[in-house]
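Dropping the sequence and predicted coords here.
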Amino acid sequence: MKLDVTMFRYITKEEFRVLTAVEMGMRNHEHVPTPLVESIAKINRSSCYKILQNLLRNKLVAHDGQSYDGWRLTYHGYDFLALRALAARGTLTAVGRRLGVGKESDVHYAQGPDGELVALKLHRLGRISFRAIKEKRDYLRHRVHASWMYMAKLAAAKEFAYMKALKDEGFPVPTPIDQNRHAVVMSFVDAKPLFQLRQLQHPNQVLEHLMRLVVRLLRAGIVHGDFNEFNLMLDEDEKVTLIDFPQIVYNSHPNAEEFFDRDVRSIVEFFRKRLNIEVQEWPTFQEALEDDREEEVSGGLKVTGFKAEEDALLVAAHEQGRAHREDGAEEKCCFLCPGPLLASDGGIEDEDEEDAEEVEAMAFQPPARPAVQEGLQDLLAAGSRQALEEDCKMDEACPPGGLINQSLVKKCREHGHRKLPVLLQKLRQ
């Protein structure tokens, strides 16, 4: 799911208030009723409805007009809220193109207050991950309907907390700068992921260093959980930087040994397949804990600001997502889910179908109420053909020259928008 910040500078203060109101309402609503949005934002009905329509056109919110008049936040809207908070703090001054795409996150180039280059990571956990936590719904309490936002926020909070703790202990990780909602700002690492490198100058030394690093993490009290070629960065001097920490668990976790063995085998298999290096022996969980030849990390890793129950919930979600991908199932389950963005060759898969599904899912069906007609007139007065197409769920566009297509008018009426063609004809005249 691409981040488009083109409209960010044009979003008004009132529009951000409404966007925040929808976010607050989603704590205990799957679709936030319009009166509740008006109440939280403290904006009158007509103004609030116009603002919601504008946010809808920019895909910052989605509307449900089937059962009742309700709104929900999209990942684009969540992105804008996080960016606004980071900009207000002075953490970010600009956001650039997408740097990389992972299974559950996007990374963008960004600029800090002094013009320095930083990395902006946006966590995007899909709803498919929640199947593993149906029995753990008590952790969500009243946030069940906002689970996708809640889980993405948890992932960002956990990554920031562990990154800070690891950096303080001298581990080779990026420098954490700031975090808000599902967004994490960190120092830019001028390196390439291991999976992109076809050869290494000193492969045996790199392999030995990686084994020492995974053992050192265990002796510090944690298991990375996703220690593989996608989360290991190497610069020109083959210096290693470790990234991606939402799946970290303590070494006392019931599955810690399984996760540790999986991390080690991932590196062993990569070096065997890519670099034709056979590893005869590698560290085991018990041996690594008992071996005292490595440098000790005094007192173990100290992580603050993250609760144990939240950690358990997040680990379960990540493991469910991993199991789902290993079964070869499609990751994308709804327009909020980023889908299988990382292809087998490291490229980005085609997103045309996703974009089409997103437009269809957010097509606006206005409820029958007086304020709607005023809102529709405003849309048409702006001459927005896109708004007309979204309102009517049509694939056809107006022909060149702004002439009225009779089949287009017919489809408008079939969808119940009987006054739309009349208003549009008057506008074209």
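Yes, it's here.

Under the pLDDT cut-off, which ranges of the stretch 51-200 of the chain? List them.
Low-confidence segments of the stretch 51-200 of the chain, defined by pLDDT under 70: 126-146.

which stretches of it form strands?
All strands of the stretch 51-200 of the chain, identified by DSSP state E, counting those that start in this stretch, fall at 61-64, 70-73, 94-101, 105-111, 117-123, 176-180, 183-187, 192-193.

so which of the ones you listed gets nearest K2?
Closest to K2 of those, according to C-beta to C-beta: strand 94-101, at 6.6 Å. The way it works is simple: take the backbone N, C-alpha and C, and place the C-beta from them, glycine included.

list the helices and strands that closest one packs on?
Helices and strands touching strand 94-101, by 3 or more C-beta pairs under 8 Å, 6 or more residues apart in numbering; DSSP states H and E, are strand 105-111.

any chance you could map the helices in the stretch 101-250 of the chain?
With helices called from DSSP state H, counting those that start in this stretch, the stretch 101-250 of the chain shows them at 137-140, 147-168, 203-219.

Run a quick neighbour tally on D190.
Neighbourhood size, D190 [other C-beta atoms under 10 Å]: 10.

That one and A119: what is the separation?
Between D190 and A119 the computed distance is 10 Å (C-beta to C-beta, to the nearest Å).

With S47 instead?
S47 is 38 Å from A119, by C-beta to C-beta.

Which one's more surrounded, those two?
A119 (19 against 13).

who touches that one in this structure?
For A119, the contact set (C-beta atoms under 8 Å, 6 or more residues apart in numbering) comprises 99, 107-110, 174, 185-189.

mind redoing it with 7 Å?
Neighbouring residues of A119 by C-beta atoms under 7 Å, 6 or more residues apart in numbering: 99, 107, 110, 174, 186, 188.

And the pLDDT at the closest residue to V264 other than its chain neighbours?
Leaving aside its chain neighbours, V264 sits nearest to W282 (5.2 Å; criterion: C-beta to C-beta, 6 or more residues apart in numbering). For W282, the pLDDT comes out at 89.

what's the neighbour count on the nearest residue to L197 once chain neighbours are set aside?
For L197, ignoring the flanking residues on the chain, the nearest one in space by C-beta to C-beta, 6+ apart is L234 at 6.4 Å. For L234, the tally of surrounding residues (other C-beta under 10 Å) stands at 19.

do the same with V185
Using other C-beta under 10 Å, V185 is surrounded by 23 other residues.

a markdown table please, covering the helices of the stretch 101-250 of the chain and showing mean neighbour count and distance to D261.
Shown next, in a markdown table, are the helices of the stretch 101-250 of the chain (neighbours: other C-beta atoms under 10 Å; distance: least, C-beta to C-beta, whole Å):
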| stretch | mean neighbour count | distance to D261 |
| --- | --- | --- |
| helix 137-140 | 14 | 27 |
| helix 147-168 | 22 | 21 |
| helix 203-219 | 18 | 10 |
